[in-house]
Structures are given as C-alpha cells and as structure tokens.
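[1] here you go, sequence then predicted model.
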Amino acid sequence: MDKNNWIYACKATDMPHNGGVCVQYGTEQIALYYFTHRNEWYATQNLCPHKKQMALSRGMLGSQQGEPKVACPFHKKTFSLKNGQCLNDEGCGSIKTYPVKVQGGNIFINVASILTPHSSTLIEYEPQ
Amino acid sequence: MRIIVIGNGMVGQKFCEKLVAQKIAGLELTVFGEETLPAYDRVHLSAYFAGKTVQDLCMKPMSWYAENNVNLHLGDPVTHVDRAQKTVTSFEGTQFSYDYLVFATGSAAFVPQISGVDKHGVFVYRTIEDLNLIWRHAKIAKSAVVIGGGLLGLEAAKAMLDLGIAHTHVVEFAPRLMPRQIDDGGSHVLTEKLKALGITTHTQKNTAVILGNETITGLMFTDGSMLSTDMLVISAGIKPRDELAKKAGLQTGHRGGITVNDRMQTSDPSVFAIGECAVHEGAVYGLVAPGYEMAEVVVHQLSGGSKQFSGFDMSTKLKLIGIDVASFGDPFITDEATRSIVYHDNHKGIYKRINVSSDGSKLLGGILVGDAEAYNKLQQICVNKLAIPPAPSDLIVAPASTSNGADNFELPAGALICSCEGVKKQAIEDAIVQNGCESFDAVKKCTGAGSGCGGCTPMVKDIINATLKKQGKMVRNIICEHFTYSRQELFDIIKIKDLRTFDAVLDALGTGDGCEVCRPAISSILASLWNDLIIKKESATSQDTNDRFLANIQKGGTYSVVPRIPGGEITPDKLIVIGTVAKKYNLYTKITGGQRIDLFGAHLNDLPLIWEELIAAGFESGHAYGKALRTVKSCVGSTWCRFGLHDSVSFAVRVENRYKGLRAPHKIKSAVSGCIRECAEAQSKDFGIIATEKGWNLYVCGNGGSKPQHALLLAADIDSETCIRYIDRFLMFYIKTADPLTRTATWLNKMEGGIDYLKNVVVHDSLGMAAELEAQMQTLVDHYECEWKTAVETPELRKRFTHFINAPEAKDPTIVFEPLRAQKKAAEW
C-alpha cells in the first residue's frame, strides 16, 4: 500500500470483460469490476447486504437509464456502481464503493475508507 | 400548522404519507406510537410466521420519518389530551401543542368475558408482540383452538398451521364461518376445505369456561361439551381504542368508537378520528381500505379540499390458507325484488352466488368461495351498475376468461380500480396519456395504483394496454430497456445478421450497456443458434451466474456438481467414482428427482479438480446449471420389467445424448416410459415418450413445478426415427419462438390455436419449415462439446475458478457449513 492508501489488485489483462473479480485485502473482500463496454472501472464491497453473501464480484454488470449497476447473482438485487445505492429494493441497504485507478496496465484500489486491519492479517501485493 | 397524530398503525401512517405529499408550508407533524416498532402491515401479519421479517412488514423504514421531518415518538403513548389548551401529554411526560389532533388509535382485540382468559397459553392475535408470545408457546403445543371464525380468526388458524401445530380448531359463535361475508352455502364449502387442511371447525359454540390450573388444558362450552387444547388464540372481533378520547370528553358511540361526521371530525372540530377507532353513522370499518379513504378525507380537510367520507364499499377478496374467498355488494339480500343464482360444486369445492334484481338488469351483490377469479369483474359491474348479460348466470358459470381484468367490459372513467390507494380509472388513463407512463411500474409510481395489496394489478395492466391501443401505440412485448424487440424478433435478426457475441448484438440492435435481463436472454439465443463455448472470454460474463462458472451457485456461495447420467443408468464403477470424489472434496450427496446425483458444497477453487476426476472416469457435464436439457428420466423397460413393451432405458439414453447441452429459453426435462403404467412420469415433462403396442406416443408441454400441467399428445404410435424427428422440430420451434424464461407449458398456453396449431407445425409441416428445423437441430447436435472438459483442459479458463484474484490458492474464508445427518449443509442466511 502506498501512502495514499492505494493497494495493487491485479493486472488489467487478468480481468474478465464486463465482469468482476474478488480482491482480498486483509479480512476485507472487495469486488473489482472492468466494465469494458463503457471502458470504466469500479470497486465495491463483495458482500451483498440482502442475504449477506460474498457474491457481488460474480454478479452481472449492466445499466439502468445510463446508471452503471451490478446485479447480485443470488436474488438479482441491483446496486449502482457509482454510489452503491440499491436500485430495485428500497429496504435492502446500500454497498460501499472504492476508487479505482489504472497505471501502466496495473489496477489499484483505494482502501482509505476501510478501517486498518490487523497487521498480521494484512496481505500486501507489489506490482510486478 | 402543528398536527399531532395519536397512533402509528397502518391508517395513521398512510395519513402521514398523504399529508407529507401535500408539501404544506410550515407543517410540523408529530406522531405518537404505543408500540416500539414503526407502522407495519397488520393485514399480512401471519406472513411473519411464514418467514417474513419485521423489516419486511414495516411500511416505511425509520429513515423515511427523518427524511420527511416527521417527529416520531415510539413506545410513548399519549396519556392525556387537554382540548381547551390544545395540548397532549405523553407517557414520558412531555407536552406538545397542536392546531389539529388526529386520533388513529385503531382497535384492540375484543376479548369476551370468559372465566379463565388470564391463564397461560391464552393469547390475542393483534400485534407482532402477540405473535412473538404465540411463537414461543407454540413450540410446546400440539393442539390449538382459535375462538372466532371471521376473517382474522381464520388468519390466526392459518398461522397455527404455519407454526406446525397439527391439530387446530376454530370455534365460532354464529351458525357459520365468516358470518359477515358469506352465507351458509359458502361456509359449507369453506368448512370442507379447511377440514382437508387439518382445521376442524365448530360452529354455534359459546365458550363458557377456560379449563386448567395455571395453564390452559381445554375449553368447556355452554352446551356442556368440551374440547382439550394446549393453547387458545382469541380473535373474536375488534374493539375501537376510544378510551383516551372518552377521557378527553369526546363523543363516542354507544357500542364504542369515536363519533365522526362526514369530514371525519369528532365532536371537537379541531380533532379528527380515522380508521378502526372511528365510528361513522354507526359503523366501525374494520378494513384497511376505508381507513385509507378516511385518511385521505382528513388530508383534504387540512389542505383546503372538500372531500367527504360517504361510507365505503365493503367488498373483500382474500386468500385464506390458499382458499379464495370474496364477497361484494350486498351478499345476503333475499327480498321480493331480488333473485339469487347459486352455483355449488361440492366436488371441486366451489361456491358462487350472485344476487340480481328481479328484472335481470342489475347485479346487486354476491359471494365467491374456492374460485374468485371473476371477483374484480363482478365487483366493478356491481359498484358501477353496469349492464349484465341477458342470462345473468353466464357471469358465474361461463368459462372464466383468460384474464380477470377489465378487457371484456367497458368501465366508466370514475370506476375505483385500486381501493387501497383510491385510484380511479381516469387517473390511470391520465397517467398514460398526459404523463407518458407506458408500463405498469411507471403507472404504479405515478398513481400509486397496485402498490397496496396488489389485487388490482391485472386490471391496471389491462387498462394500460387498452389505453395504449386507443392511442394507436403498439403494445410490444420487449425484453428490457436496452432492446425494443421481443425474443423471437431478436432470434431471427441475430441469425440473419450473423452476430456472435453479446456486445456485437448490443452495438447492432440495442442501447445502453445491457442488464441482468437481456444479457442471459441473448446469451441463450447465441448458444441456441451457434452452440459456441459459452465461457469464452467475451461471453462468460453475460451468462447467468450458474453458466458463468458451469455450476449452480448455492446458499453460502458454494457450488453444486451434477455429472450427466443419461437415462439414469450408471455402472457400479462410476457410482464408486462419484462416492470417492464426494468423500475427497467433502461434498454433500443427494439423489435428484431426475435420476442422477447432486454433489453440493464445492468451493469455486475445487470445481476444476473435481471435474477433472469425474471426466477421467468418463462423466460429462450434466448442464444442471443451464437453461438447457436437464435429464431424460426412464423406467427400467422391457429389458427387465415383466410389463415393459419396449426398451425405454436405451431410448432415453439415446434421446439424452442427442439433446445434451442444448440451450433453450428455459430448462427442458424429458422422460421415457416403457408402458402405459408410466413409471417415468413422462406426462409431466416438456416432452415425454410412452411405449405403446405399435411404437411410441409423444407427449409435449407438460410441467411439474409451481403450476403442474399434464403434457398433451402430439403424435401416437410412431417409430423411434419419426419420434426423434418430431422432437427435433418441436424443440427447435420452441427455442425460436418462446419468450425468455418461458417453459414449454406456458409457451403452449400462450400460443394461438394451442396444441392443434403445434401439431400442424410439427407433424403436418403447415409452415413449411420442418426441414429447416431438423437441419438446425442437427447442426447443434454436431457442435456439442462437454463444456467442463474444455474448461479443465484450457489453462486460461481454468484460472477463472478462483475466489480471490490476488490470492488464487485461498478459498472464501466466509463459507461455513453445519453438520446434518452425517453430512453437511450450508449455514442459514
């Protein structure tokens, strides 16, 4: 992690197109998405708040009136990738989102908003 | 303007919503609730026992009150009203001033004065707290009695069933069940239906004493008979909560309730009362819809409107324990000027009665038990005094139209469509014509119609379709906001334009970025057209989750593994392999209904390893994860069975191997039976084959599932080759023309001309496309490959079966299992 709280996630070429992967950061699970059709990157929590399943990274990407979204594979609750709001169930609650940057083919996620995990469980990855 | 609402029940809450929507400047709205929960849906209270949470039942989340500046005091009832000073004092001792005060205190359960009502195991059925108490006690109860055979009493009886109490009794004082809604004939049918469910009814019983020392052991009735029980739920009616109003000196009715005028004003013009605590012209309205109407009237009074309350149509339709019960208009009239028509089918358990004016021109009321499909239509005809057919009996004995909506009769603009929200037909038409709403969701959002109980949904949809048609707009069956085509249109265009990936289809024919509806639908079309590998990089993420990882995602995030076992035939060696693999990877094993073996609880990372071992032993993917051919079940047939006419197992194996991997709008199941005894249950399948003396009978479009339907005979006494050709044509025609996620049964039900039309296409080639359909099927069959074999043999594909991209060896640490009968299960969510 650099001083501005960016962690290395993976190489852009490792990513599926129009889909997500799960990134481990200490005990946190972050879903990272490469929305190829929009040429956009997003990151959110991996946990779907509806039934508390670690599943959003396996969800399907799409848009609703232009708003990019991810649909949980379990019960198709959809969340805005921009602000984390649930788009089809008011009672469901929203998800955390994280900034993403691409540098020289490497993907970084900003984890400043996550409480610092115990140093013993912290796993850091350096760009190759 | 300072407004205080006493009571945060359904009606009080609806009043707040309606008032807030008026955006009155300077409004200060304060609400006091006795319960500690914000307003919840009391109508569907019994759903709490069936698994709904408090959160599910709440009408608005706590955040709503804050966002709308509603000052909510929960668990703090008002204890004193000073009308001279215009103040209220709460239990906690705070004092608030008001300009207008609204009583929405609702009602309490009416508890008859029977000796022993204070014993353990005696409950009322009114609040979530009551339900929690019942829940706790029900764990040790084997039998239960509900006093009260009305709406609420029967709801309570249903709750007892949901709680798993085997012996439930309903005791009613009147000579019949639901005495306010239905007559003796209707009650008779209802009683029989309840009996079938395990609920015993006792009418004309007056409870004298509740027996037992500290805890209830039974009831004794005034006729001397007894009934032993472990618990008692009293649901004998309601009693308006008027004690605070009485204390404040407001006028109340002689049988309870706060007296109100047509403006819902009490004897003090700045104090209103709404809902079940109010008595209007001698009547207390114990339903939610009139309560909402009263709330609307008060909002009008406070915001300068003139709306008044003039009584309410007490028509009701409800589903009680899966039984439709409805009554409308005056269900009971029997005077000189009225003729009643009764249809009573004891066999099916259907009772219908309509009351018609003696000149046969008007419908005055009626009762429906067992089948209330015609309710919406009849209630509208009755309320709007519409003309009825020359033979009024057609209203209840003619075959029900396919829609229970408003298509076949013209409603006046003022017809009340949604009684929960008070939305009239005119408002729905305006939303469409003036505000451009063209979908049910848009109309619901704009007018509120259909957002309450949802009973009017079919009517609203019919009005939308009819209005759009009148405007000359085509009503199109499009798949989602990204594609203005139906699935059938997309299928043809994608084929003609030779499009091969989702993005190519989206760029050529759609807008936006796709979604969870169109991505799998189009992926399914692409698979049906080209049968390419579905998990190629550009396609994988547009497949439904199960297809993306070639396995069914299960509770907890693990996957299941289902190898194909064609026809259900398996060698001992292969059985041993399944056992060995399951043991090695700690999988839960179960035999499925489709004659194969499910292995549950596999980590994503283990899937390629598991499949590698299965494939090495000769297994292939079972496509249990796909909208594809699942299984072809078989009975043992003529090789062993002394009744078997043909070798059903061999034919099932052949059919399963031909269509394995075939992608379709929905899953496809099949079966082959060796004789008419039908042990393989072929007539419940999408296509089923039964041996006859002369060959095979081919049945199509059957379905188990939520709406079971028997398959229909497509062709009789055909040889094996003809049978395969007909199945080719049938399946390909289904794949080309069905809507997304439509099983063959639903597809046939929607098809104009039904099975006769399908027979013409498949058997008599009426469209001249039989050869093309067969050729397309042959192409798909020739392109088959086992997806799992390709996946485990291709390093890039294999790499994807990891949970963490930056820790490929690690499994998801949040996955937990619980032990179950020497195996394991997913942890509850």
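    Done, it's in. A quick note: this is a predicted structure, and the numbers were derived from the prediction, not measured.

[2] residue B:747 falls within a strand, correct?
    No. Counting by DSSP: H, G, I helix; E, B strand; the rest coil, residue B:747 is not found in a strand; it is helix.

[3] contacts for the host helix or strand of residue B:351?
    Using DSSP states H and E, residue B:351 maps to strand B:350-357. Strand B:350-357 is touched from outside by B:183, B:185-186, B:188-189, B:329-333, B:337-345, B:362-371, B:374, B:378, B:388, B:392, B:395-397, with contacts defined as Cβ atoms under 8 Å, 6 or more residues apart in numbering or on different chains. In short, each C-beta sits where N, CA and C put it, glycine included.

[4] how about a cut-off of 7 Å?
    With Cβ atoms under 7 Å, 6 or more residues apart in numbering or on different chains as the test, strand B:350-357 has contacts from B:183, B:185-186, B:189, B:330, B:333, B:337-344, B:362-371, B:392, B:395-396.

[5] go on, stretch B:567-582?
    Contacts of stretch B:567-582 (Cβ under 7 Å, 6+ apart): B:589, B:595-597, B:599, B:610, B:613-614, B:617-618, B:632-634, B:649, B:652-653, B:656.

[6] of those, buried ones?
    The neighbour count (16 or more other Cβ atoms under 10 Å in any protein chain shown) marks B:589, B:595-597, B:599, B:610, B:613-614, B:632-634, B:649, B:652-653, B:656 as buried among the contacts of stretch B:567-582.

[7] from those residues, which is closest to chain A?
    Chain A has its nearest neighbour among the buried ones among the contacts of stretch B:567-582 in residue B:610, at 18.3 Å by Cβ to the nearest Cβ.

[8] wait, a helix at that closest one?
    Yes. Applying three-state DSSP, one finds residue B:610 inside a helix.

[9] so how far is residue B:544 from it?
    Per Cβ to Cβ, to the nearest Å, residue B:610 is found 21 Å from residue B:544.

[10] next: residue B:17.
    38 Å.

[11] quick check: residue B:215 touching residue B:122?
    No. The pair residue B:215 / residue B:122 is not scored as a contact, 9.2 Å apart, by Cβ atoms under 7 Å.

[12] more neighbours: which of the two?
    Taking other Cβ atoms under 10 Å in any protein chain shown, residue B:215 and residue B:122 do not tie; residue B:122 has more neighbours (21 against 13).

[13] which residues sit in contact with the more buried one?
    Contacts of residue B:122 (Cβ under 7 Å, 6+ apart): B:210, B:216, B:232, B:234.

[14] just name the closest of those to residue A:35, please.
    Nearest to residue A:35 among these, counting by Cβ to Cβ, is residue B:234 at 58.3 Å.

[15] just the buried positions in stretch A:60-75, please.
    Neighbour-count burial for stretch A:60-75 [16+ other Cβ under 10 Å]: A:60-64, A:67-74.

[16] with stretch B:12-32 instead?
    B:12-20, B:27, B:29-32.

[17] is it in proximity to chain A?
    No. Stretch B:12-32 lies out of reach of chain A by Cβ under 7 Å from any Cβ of the partner chain, never closer than 13.7 Å.

[18] what is the mean pLDDT for that stretch?
    Stretch B:12-32 shows a mean pLDDT of 93.

[19] span of it from start to end?
    Length of stretch B:12-32, first residue to last, Cα to Cα, to the nearest Å: 10 Å.

[20] equivalent analysis for stretch B:633-640, please.
    Termini of stretch B:633-640 sit 16 Å apart (Cα to Cα).

[21] which residues does it contact?
    Stretch B:633-640 is contacted from outside by B:567-568, B:594-595, B:641, B:644-649, B:652, B:671-674, B:679-680, using Cβ under 7 Å, 6+ apart.

[22] what residues sit buried inside it?
    B:633, B:634, B:635, B:636, B:637, B:638.

[23] check stretch B:813-826 too.
    Within stretch B:813-826, the residues that count as buried by 16+ other Cβ under 10 Å are B:814, B:815, B:817, B:824, B:825, B:826.

[24] so that stretch, near chain A or not?
    Yes. Contact of stretch B:813-826 with chain A (Cβ under 7 Å from any Cβ) involves residue B:814.

[25] try stretch B:435-445
    No. For a cut-off given as Cβ under 7 Å from any Cβ, stretch B:435-445 has no contacts with chain A; the smallest distance is 10.2 Å.

[26] list the contacts of that stretch.
    For stretch B:435-445, contacts defined as Cβ under 7 Å, 6+ apart pick out B:428, B:431, B:432, B:446, B:449, B:450, B:451, B:460, B:461, B:464, B:468.

[27] ditto for stretch B:667-683
    B:594, B:627-635, B:637-638, B:641, B:643-646, B:648, B:651-652, B:655, B:685-691, B:699, B:702, B:710-711.

[28] ok, residue A:3 to residue A:112 distance?
    Noted for residue A:3: a distance of 11 Å to residue A:112, by Cβ to Cβ.

[29] when the two are compared, which one has more neighbours?
    Neighbour count, other Cβ under 10 Å: between residue A:3 and residue A:112, residue A:112 has more, with 11 against 5.

[30] neighbours of residue B:605, how many?
    Count around residue B:605 with other Cβ under 10 Å applied: 16.

[31] ok, residue B:389 - contacts?
    Here residue B:389 is in contact with residue B:395 (Cβ under 7 Å, 6+ apart).

[32] now it: phi and psi?
    Dihedral pair for residue B:389: phi -60, psi 160, per degrees, to the nearest 10.

[33] what's the spacing between it and residue B:358?
    Look at residue B:389 and residue B:358: by Cβ to Cβ, they are 16 Å apart.

[34] so where do the helices sit in the stretch 1-150 of chain B?
    For the stretch 1-150 of chain B, the helices defined by DSSP state H, counting those that start in this stretch occupy B:10-21, B:54-57, B:62-67, B:128-138.

[35] will you turn the ones you listed into JSON lines that also has distance to residue B:298?
    As requested, the helices of the stretch 1-150 of chain B are exported to JSON lines (distance: least, Cβ to Cβ, whole Å):
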{"stretch": "helix B:10-21", "distance to residue B:298": "6"}
{"stretch": "helix B:54-57", "distance to residue B:298": "25"}
{"stretch": "helix B:62-67", "distance to residue B:298": "19"}
{"stretch": "helix B:128-138", "distance to residue B:298": "26"}
